[in-house]
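Visitor: Give me coordinates for this.
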Amino acid sequence: MGLSLKEVLADDTFRKAAPLVRAGADSVEQTQVRWIHSSEVMDIAPLLSGGELLLAGGQSLASATPEERGRYIKALAGRGIAALAVETGGVLKTMPQDLIAEAEAAGLPLIELTRVAPFVEMAEAINSLMVGQSVELMRRADLLSQQLASALAEGAGLKQLLEILAMVLPAQVSVYDRTGELLERAELPAAPEADGGAAALDFDIALRGGVAASLRLQPPDGHDPAWYQTAGTRSAGILALALQQRLAPSLTDVAGTELLRSVASGVQGIRLVQLCKAAGMDPGAAFVALVAQPEASVSRWAPVEQAIRKNVRKVVVYVQQSDLVAVAALPAEATQAAKAELVRRLADSMGGQPVIVAVGPVGNGISQAARSLAEARLTISLSPVGLYEGAVLDADDFAIERLAFKEPDGAAARQLVRELVGEIVDYDALKGSRLLETLAAWLASGCNTAQTARTLFLERQSLHSRLDRIFGMIGGDPRGTERLAGLHLAVRLARYLDQQ
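Guide: Below is the predicted model of the structure:
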């Protein structure tokens, strides 16, 4: 159970700081705050999971460039935090207009704390209140779980369990199979109240290593969404028990699940071939493995699985709490082109899901699926921090980093970096600049200046100024020379080595 941002700002501890809403005023009343956190770190976004009210003293923002502040706001908004509150009057004398404009454009509520803000007191007061509310939520959810479990033990079916849910929550409650077909629904006693109510909430119902169905709760307007989130999560497990007989798996489904377990554990030989055939796929076909891992707290895997099944004709999927893995068969001809098209379509289909997906290299035959899976996992581990939600990575794009990871002696790689871009690395370390990042983005864009400026949120003039300085350090403009490939390799290796 959270508090609205309006309620938080009205608390006595916040009123001491004289808060002013500088951006996103229209969403203050309906924005829910899940937790309060304070940090001066500009790269904090990947460590947040959404719903936080972030408190900042302004020191880092005061010394940051407008471009850096823009990236900061975009990253926070992308993580779905509730709001950013910044103290002014100290190092940061006034709220920067560029920060206000970026927050307004991103739809992120921006609060100016115009007096000295007691961050510890503010966080303790509000977080303690929310912890108490969470304990009460869990108590209510326990009672609901006990009621559903008792009904199931007494022989209640899916319809009866949904009717209990509809009455206790209250809500319109529906269960759909994984194709989206309605299986059962229970209405509120006063059904019209549910129509046009609050936004519906969806939950996975997992069975035998896969998402077998989805639970949808449609609360009446004005009810606390935190209660429905907690109740839905708890109820999905009990509903899975009621669905076991109704959604009995086919032999193909069972074989597919066993195939993925075998691939993940490195099983080879005739057993793997038999499972592949039983799952409806040719063991000699070309295969790629896919891995999806949560970027934040993931409550649903169904949309990710549906996106994969939509874009691959022959695929087996296995869902776990920590990740989703899949093995897909590709056409026998133009296999690499088919894989590239799969990556593109997946990127178009993910729709901002809070996951990162990696597609491994093509393997010839099911015996190579384990290697493809391992390389897909490695690709995610080597990917840059702060990727956007729903990012789809191609292991082929990380060939350099994957090779460097497997090289036991990185001395040769480090020497190459020193030879080609060492002056840039030293300059960045001394000045706190981002010339290497700029060079990497420019090379990755195919030396397209306009695209690089958009990627880095830079004005054209600022980018040209950076590139002129970079060219002075690497011996001139590398376009049209033999040095271009070596520079790209060195920049990629430098980024990887910097993460070690």
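Visitor: In contact with Lys339, which residues?
Guide: Going by CB atoms under 8 Å, 6 or more residues apart in numbering, Lys339 touches 288, 330, 359, 362, 394. Just so you know, the C-beta spots here come from the backbone N, C-alpha and C atoms, and that holds for glycine as well.
Visitor: which of those residues sit farthest apart?
Guide: Pairwise distances across those peak at 13.5 Å for Leu330 and Asp394 (criterion: CB to CB).
Visitor: ranking the contacts of Lys339 by neighbours, who comes first?
Guide: Most neighbours among those, by other CB atoms under 10 Å: Val288, with 29 neighbours.
Visitor: Return the subset of the contacts of Lys339 lying in helices.
Guide: The helices in this structure, assigned by DSSP state H, contain none of the contacts of Lys339.
Visitor: could I get these as a markdown table with pLDDT and distance to Leu183?
Guide: Shown next, in a markdown table, are the contacts of Lys339 (pLDDT from 0 to 100; distance: CB to CB, whole Å):
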| residue | pLDDT | distance to Leu183 |
| --- | --- | --- |
| Val288 | 94 | 32 |
| Leu330 | 91 | 33 |
| Val359 | 95 | 32 |
| Val362 | 91 | 38 |
| Asp394 | 91 | 37 |
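Visitor: so can I have CSV of the residues you listed showing distance to Ala255?
Guide: Shown next, in CSV, are those (distance: CB to CB, whole Å):
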residue, distance to Ala255
Val288, 19
Leu330, 20
Val359, 23
Val362, 23
Asp394, 28
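Visitor: Quick one: residues contacting the nearest residue to Ser433 once chain neighbours are set aside.
Guide: On the basis of CB to CB, 6 or more residues apart in numbering, the spatially nearest residue to Ser433 that is not a chain neighbour turns out to be Tyr427, at 6.4 Å. For Tyr427, the contact set (CB under 8 Å, 6+ apart) comprises 433, 435, 473.
Visitor: which non-adjacent residue is nearest Val421?
Guide: Nearest residue to Val421, sequence neighbours excluded (CB to CB, 6+ apart): Ala490, at 5.0 Å.
Visitor: what is the mean pLDDT for the helix or strand that neighbour falls within?
Guide: Ala490 belongs to helix 483-498 when assigned by DSSP states H and E. Helix 483-498 comes out with an average pLDDT of 82.
Visitor: Quick one: low-confidence residue ranges for the stretch 201-350 of the chain.
Guide: The stretch 201-350 of the chain contains residues with pLDDT under 70 at 208-209, 222, 245, 296-299, 321.
Visitor: Buried residues, the helix holding Ala490. List them.
Guide: Within helix 483-498, the residues that qualify as buried by neighbour count (16 or more other CB atoms under 10 Å) are 483, 487-496.
Visitor: got it, and stretch 301-320?
Guide: Residues of stretch 301-320 classed as buried: 301-309, 311-312, 315-319 (neighbour count, 16+ other CB under 10 Å).
Visitor: ok, now stretch 137-144?
Guide: Across stretch 137-144, burial judged by 16+ other CB under 10 Å covers 137, 141, 144.
Visitor: Of all those, the one with the weakest confidence?
Guide: Sorting these by confidence puts Leu137 at the bottom, with a pLDDT of 82.
Visitor: Check the contact between that one and Thr230; I expect there is one.
Guide: Yes - with contacts counted by CB atoms under 8 Å, Leu137 reaches Thr230, the gap being 5.0 Å.
Visitor: related to what we said a few turns ago, out of the buried residues of stretch 137-144, which sit inside strands?
Guide: The strands, defined by DSSP state E, take in nothing from the buried residues of stretch 137-144.
Visitor: secondary structure element for Val291?
Guide: strand 286-294.
Visitor: Which other helices and strands does that strand contact?
Guide: Packing partners of strand 286-294 (3 or more CB pairs under 8 Å, 6 or more residues apart in numbering; DSSP states H and E): strand 324-330, helix 335-349, strand 355-359, strand 363-364, helix 369-382.
Visitor: Try it again at 6 Å.
Guide: The contact analysis (3 or more CB pairs under 6 Å, 6 or more residues apart in numbering; DSSP states H and E) places strand 286-294 against strand 324-330, strand 355-359, helix 369-382.
Visitor: Neighbouring strands - and their directions - for the first one?
Guide: If you go by DSSP bridges, strand 324-330 pairs up with strand 286-294 (antiparallel), strand 315-319 (antiparallel).
Visitor: right, so of the ones you listed, which gets closest to Ile205?
Guide: Short answer: strand 315-319, nearest of the strands paired with strand 324-330 by CB to CB, at 11.1 Å.
Visitor: what angle sits between the helix holding Ala490 and helix 369-382?
Guide: 80 degrees (axes from the mean of the first three to the mean of the last three CA atoms, to 10 degrees).
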